[in-house]
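1. Need the 3D shape of this:
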Amino acid sequence: MNEDVPVNQVTISEEDRRLLGAWAANCAERVLPLFEQEAPADTRPREAIEGIRSYACGQLRRGPLRSLAFAALAAARDVADPAATAAARAAGYAAATPYIHPLATPHQAKHALGPAIQAARAGELAADDDASIGDTEIRWAIEHAPPAVRRILRQMPVYRPGRSRLDMLRHQLDAALRR
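-> Residues are numbered from 1 along each chain as shown. I've put the predicted structure just below:
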């Protein structure tokens, strides 16, 4: 006989999704020039940020964001520069933030924090892997996170530190936003 295993649920309102999206857009936009310097004719990451901003303001429904997110992530694959790649990923992940589903999983927490983490990593890579740049971006993300971001994250499993630099940045951000 199989027993049902309870799955923790995240309570996330449409307004919370909009606030998360606005914060994610702010994080991603900080490093967007790194992508645009590398691929000035490619507007996909900028369109993703503009889309999530429109959603955050209530001017755009969630539906078009999926395509914008996928397009920005495709743009990330189309550039050779690692900093530009991370900047485009930040934009793509920002556009995807409203798609967090209500299951409290580490994967969903990763999606919520992805734009800030990728932005931090993009800054580091652009500065010859200077970790202090990433740490500064993470501090900025923490200082500018609205209460909704903290409320959403606190409902999800705590992230344990990993080995990669992205894991370290994620752990740093996750821990600080839970305080």
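2. tell me which element the most centrally placed residue in the chain falls in.
-> Nearest residue to the geometric centre of the chain (CA atoms, centre = their mean): P115, 2.1 Å. Per DSSP states H and E, P115 falls inside helix 106-126.
3. repeat for D167
-> D167 belongs to helix 165-178 when assigned by DSSP H and E.
4. on contacts alone, who are the packing partners of that helix?
-> helix 106-126, helix 131-144, helix 147-154 (3 or more CB pairs under 8 Å, 6 or more residues apart in numbering; DSSP states H and E). The way it works is simple: take the backbone N, C-alpha and C, and place the C-beta from them, glycine included.
5. same question for it, mean pLDDT?
-> The predicted model assigns helix 165-178 a mean pLDDT of 95.
6. how about it: buried residues?
-> R165, L166, M168, L169, R170, H171, Q172, L173, D174, L177 (16 or more other CB atoms under 10 Å).
7. and the gap between the spatially closest residue to P157 that is not a sequence neighbour and E143?
-> Using CB to CB, 6 or more residues apart in numbering and skipping residues adjacent in sequence, the residue nearest P157 is P106, 5.1 Å away. To E143, P106 is 24 Å away according to CB to CB, to the nearest Å.
8. More neighbours: which of those two?
-> A direct count of neighbours by other CB atoms under 10 Å for P106 and E143 places P106 higher, at 14 against 8.
9. Quick one: mean pLDDT over stretch 123-134.
-> 98.
10. before we move on, the earlier item: any chance of the helices and strands packed on helix 165-178 in CSV, with distance to L32 too?
-> Compiled in CSV, the helices and strands packed on helix 165-178 are given as follows (distance: least, CB to CB, whole Å):
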stretch, distance to L32
helix 106-126, 9
helix 131-144, 13
helix 147-154, 20
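11. looking at these, which is buried most?
-> helix 106-126 (a mean of 24; mean count of other CB atoms under 10 Å).
12. contacting residues around stretch 36-46?
-> Here stretch 36-46 makes contact (CB atoms under 8 Å, 6 or more residues apart in numbering) with 28, 32, 35, 68, 71-72, 74-76, 78-81, 83-84, 87-88, 90-92.
13. Done for today, thanks.
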